[in-house]
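[1] Could you look at this predicted model? Sequence included:
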Amino acid sequence: MVLKGVFHPGLFFSTKILLNYLYQFDIAGKTFLELGAGTGLISIYAAGKNALVTASDISELSIKNIKLNVDKNNMNVQIIHSNLFENIPRSKFDFILINPPYYKRHPKTEDEFAWYCGEHSEYFVKLFNQLAEYIHEQSRIIMVLSDECDIKEIKFIAQKNNFNMVMKEKYFRFWETNFVFEFLMT
């Protein structure tokens with residue numbers, strides 16, 4: 001179920017790309033965090049594979065949508081309303097999946113948080129400032145990005161915070177190219 005105003009995983013490729021990349025991993029028993037979970041599709045998949053799942057989103061409407069879908073699918077998912085890590089209890093996750101906002105503009109409405117990362121990439125600055133506190137040496141941090149975002153700047157922000165950005169897959173779809181990146185501590 002997708003509530004009006006929530007990022008629709010069926011209309012855009014990024015969620016499908018993350019899901020397809022995730023299929024290769026055995027996530028049973030692993031701690032799993034989806035930042036910006038939207039409808040909760042990836043979190044529900046992970047819970048179905050017996051991962052210990054936390055789904056978060058900045059949007060209250062998305063949180064409502066995640067709860068509806070988790071209940072409908074009878075899955076065990078911890079759901080947290082949070083701006084990145086602000087309300088997430090300190091924990092070390094085995095997997096962190098991120099489908100971030102791409103475009104440089106300040107979000108003005110709740111639904112715009114799915115699209116806009118701030119005029120100066122504030123989303124990514126905050127993300128990489130906090131990320132190290134939620135991972136361990138074997139953690140997999142997986143993010144999908146589009147050629148429509150400022151990948152060079154994101155890479156710079158990551159490196160400034162001791163993360164190496166490694167491209168794992170590249171997808172050409174109609175009008176855009178998407179990439180799957182993993183981030184490793186340097």
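    On my side now, so go ahead.

[2] alpha carbons only for contacts and neighbour counts from here, please
    Noted.

[3] Would you mark the buried spots in the helix or strand residue 70 falls within?
    Using DSSP states H and E, residue 70 sits in helix 60-72. For helix 60-72, the neighbour count (16 or more other C-alpha atoms under 10 Å) marks 60, 61, 62, 63, 64, 65, 66, 67, 68, 69, 70 as buried.

[4] got any ranges where the chain has weak pLDDT?
    Within the chain, the stretches with pLDDT under 70 are 10-12.

[5] Show the residue spans covered by the strands in it.
    Per DSSP state E, the chain carries strands over the ranges 31-35, 52-57, 77-81, 93-98, 135-146, 163-173, 176-185.

[6] what's the closest non-adjacent residue to residue 179?
    With C-alpha to C-alpha, 6 or more residues apart in numbering as the criterion, residue 179 has its nearest non-adjacent residue at 4.5 Å, and that residue is residue 170.

[7] One more: residue 79?
    residue 55 (4.9 Å).

[8] Likewise for residue 182?
    residue 142 (4.6 Å).

[9] That neighbour is in contact with residue 98, isn't it?
    Yes - between residue 142 and residue 98 there is a contact at 6.2 Å, judged by C-alpha atoms under 8 Å.

[10] What sits closest to the residue nearest the centre of the chain if chain neighbours are left out?
    Residue closest to the average C-alpha location in the chain (C-alpha atoms, centre = their mean): residue 98, at 1.7 Å. The spatially closest residue to residue 98, leaving aside those adjacent along the chain, is residue 143, at 4.7 Å (C-alpha to C-alpha, 6+ apart).

[11] Go ahead and confirm residue 35 touches residue 56.
    Yes - Residue 35 is within contact range of residue 56, at 5.3 Å (criterion: C-alpha under 8 Å).

[12] which of the two has more neighbours?
    residue 56 (28 against 25; other C-alpha atoms under 10 Å).

[13] Residue 37 is in contact with residue 8, correct?
    No - using C-alpha under 8 Å, residue 8 is not in contact with residue 37, being 10.8 Å away.

[14] Name the residue in the two with the higher neighbour count.
    Neighbour count, other C-alpha under 10 Å: between residue 8 and residue 37, residue 37 has more, with 31 against 16.

[15] ok, the more buried one - contacts?
    43, 55, 56, 57, 62, 66, 99 (C-alpha atoms under 8 Å, 6 or more residues apart in numbering).

[16] Same check on residue 50?
    So residue 50 contacts 27, 28, 29, 30 (C-alpha under 8 Å, 6+ apart).
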